[in-house]
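Q: What follows is a predicted protein model with its sequence.
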Amino acid sequence: MSSQHELILILDFGSQYTQLIARRVREQGVYCEIHPFNKPLEKIWELNPKGIILSGGPSSVSDEDAPRLHPDFYDHLEVPVLGICYGMQLIAVDLGGETKPAHEREYGHAQLRRQSGPTRLFNNLPEELDVWMSHGDHVTELPEGFHKTASTGDVITAIENPDTNIYAVQFHPEVAHTPKGKDLLRNFLFYVCGVEGDWTPAQFIEEEVEKIREIVGPNDRVVCGLSGGVDSTVAAALVHKAIGDRQTCIFVNNGVLRYREFEDTLRMYEKNMHLNVVGVDASETFYKALGRKALPEKKRMAIGKTFIDVFDAEAKKIGGVKWLVQGTLYPDVIESVPVHGSSVTIKTHHNVGGLPEKMHLDLIEPLRELFKDEVRVIGADLGIPEEILQRHPFPGPGLAVRILGNITKEKVELLQQVDKIFMDELKAEELYNETWQAFAVLLPIKSVGVMGDFRTYERTIALRAINSTDGMTADWTRLPLDFLAKVSSRITSEIRGVNRVVYDITSKPPGTIEWE
Ligand code: XMP
């Protein structure tokens, strides 16, 4: 796919913002990929990029083990380069300039002033710009052939060498806190690299459909697991467009979905999207597997394993299946960079992990080049209802990780009712789309209350709403107090067995989004 498009290559030095750079580039209609900073040079040139962006990163160029480019990188450079933050410091020291550690890390807003004199990167941008900084080192001496194009106070903030087409900025043009960052990236892409912008959703669909037809051939059968979420639904719709009913979709009720989700979504798949879909209500099998398990990881394992068994048995009934469709997205595909350090598993995510291996099927992953927001755009182009496209993320193990402790049908039904009230109210007040994810949690404690003349001793519900861009970090949503009051009062008056509602005001970190 990438070879058919103009490509911008992003070399990742471990910045938390690297994916954001890629999204900003793609928003301008330019395809780009993220690769590790130490990708072999010949592999870089094979990709035939139109330009290269060096990302930021947590290291200091003066560290002994700082991530570096291949020493020959600059020797046969035929395309423009833009260094951002760490990328700028790297360019400076690699090409004979100098950097120094700042007295303290500069973090936050800054105002930049452009220098007089020619600049291609800041072409048509104002004299003064608000920018976002996050760095420890800064450039103190320019490499030969470079001139300073912007500064904040006496710190050099941007440099360029128009002869070698190398540009660098100390700030982060990719974040929203740099309001003109988009224009600066646009200058780099269109004016410096000379791309035309040939990456559009409609074209993506057309090419992907062709590709799917080609790899599946005229006779093979394909199976796809639907979850009711955006990714699997868009993946299924794309494959449906390519090969129609030779794709069989399987939608499993694991007994821990939301209120009426199985029935309603199944109907929508059949009636609105005309998918060839089999609905399997395996609730009882899942409840049996969950048994009295109360520990989060045990519950996740039980659900993951049961899902694989149920799905596999169902797929065998279809017969002659060679391919499995998965809605893998680009963030799952990007090779993580060693400078991140080793990451610890906080929670295992068992959705369909292990499925392809068990079933000996080859994978079709039509969304593996896309970010979530791009998937939504493609989904809209494919005519998928808004209701699915805007749906909050929902974990594979469903309500089982929102009922603390062991799972019973009665607890599931109670939480489904509570969750429905919360979702209905969010939608009614137009807060649903403003929130990245919201849900209710059933706590394993009872507390004392009073209702009429009676003392009650009932369950507690925690409401959680967060905002996030990718689920990796999150801030709790400041929902209006009157809104929370209404939801709380509806829950305690309409749901028997709940006499207390609390609101979770923990961000991630230190909390995670789900409670288990
Ligand atoms: P945490 O709780 O790890 O959640 O902060 C981050 C995001 O991932 C979702 N999540 C899951 N999704 N299977 C999934 O498909 C899982 O086992 C799982 N656990 C958490 C969570 O809803 C949030 O959006």
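A: Good, I have the coordinates.

Q: is it true that Leu257 touches Ala400?
A: No: using C-beta atoms under 8 Å, Leu257 makes no contact with Ala400, being 10.3 Å away. (Glycine included, C-beta is placed from N, CA and C.)

Q: neighbour count winner among these two?
A: Ala400 (25 against 22; other C-beta atoms under 10 Å).

Q: what separates that one from Phe286, distance-wise?
A: Here the distance between Ala400 and Phe286 works out to 8 Å (C-beta to C-beta, to the nearest Å).

Q: Mind listing the shared neighbours of those two?
A: Here Ala400 and Phe286 share the contacting residues 256, 303, scored by C-beta atoms under 8 Å, 6 or more residues apart in numbering.

Q: Give me the domain ranges for the chain.
A: According to automatic domain parsing, the chain comprises the domains 7-192, 201-389, 408-503.

Q: want to try a markdown table for those, with distance to the ligand as columns?
A: What follows is the domains of the chain, written out as a markdown table (distance: least, C-beta to the nearest ligand atom, whole Å):
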| stretch | distance to the ligand |
| --- | --- |
| domain 7-192 | 15 |
| domain 201-389 | 4 |
| domain 408-503 | 4 |
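
Q: Mind putting those domains into TSV with mean pLDDT?
A: Listed next are the domains of the chain as TSV, based on pLDDT from 0 to 100:
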stretch	mean pLDDT
domain 7-192	94
domain 201-389	91
domain 408-503	96
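
Q: of all the ones you listed, which lies closest to Gly511?
A: With respect to Gly511, and counting by C-beta to C-beta, the nearest of the domains of the chain is domain 408-503 at 8.3 Å.

Q: end-to-end on that closest one?
A: Using C-alpha to C-alpha, to the nearest Å, the gap from the first to the last residue of domain 408-503 comes to 24 Å.

Q: Stretch 184-203 too?
A: Length of stretch 184-203, first residue to last, C-alpha to C-alpha: 26 Å.

Q: Would you mark the buried spots in the longest helix seen in the chain?
A: The helix that spans the most residues within the chain, counting by DSSP state H, is helix 296-318. Under the neighbour-count criterion of 16 or more other C-beta atoms under 10 Å, helix 296-318 has 296, 299-304, 306-308, 310-311, 314-315 buried.

Q: now do stretch 51-58
A: Neighbour-count burial for stretch 51-58 flags 51-58 (criterion: 16+ other C-beta under 10 Å).

Q: how about the residue of the chain most remote from its centre, what does it touch?
A: Here the centre of the chain is the reference, and by C-alpha atoms, centre = their mean the most remote residue is Asp453, at 50.3 Å. For Asp453, no contacting residues are found, by C-beta under 8 Å, 6+ apart.

Q: Columns distance to Glu514 on top of the domains of the chain, output as CSV?
A: Listed next are those as CSV, based on distance: least, C-beta to C-beta, whole Å:
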stretch, distance to Glu514
domain 7-192, 21
domain 201-389, 8
domain 408-503, 8
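
Q: Let me see the ranges of the helices in the stretch 101-250 of the chain.
A: Assigned helices in the stretch 101-250 of the chain, in chain order: 181-186, 201-216, 230-243 (criterion: DSSP state H, counting those that start in this stretch).

Q: So which of those helices has the densest surroundings on average?
A: Between the helices of the stretch 101-250 of the chain, helix 230-243 has the highest mean count of neighbours, a mean of 24, where neighbours are mean count of other C-beta atoms under 10 Å.

Q: Now find how far off-centre that helix is within its chain.
A: Taking C-alpha atoms, centre = their mean, to the nearest Å, one finds helix 230-243 lying 19 Å from the centre of the chain it belongs to.

Q: Quick one: list the elements packing against that helix.
A: Secondary-structure packing of helix 230-243 (3 or more C-beta pairs under 8 Å, 6 or more residues apart in numbering; DSSP states H and E): helix 201-216, strand 221-226, strand 247-253, strand 321-325, helix 372-381, helix 386-389.
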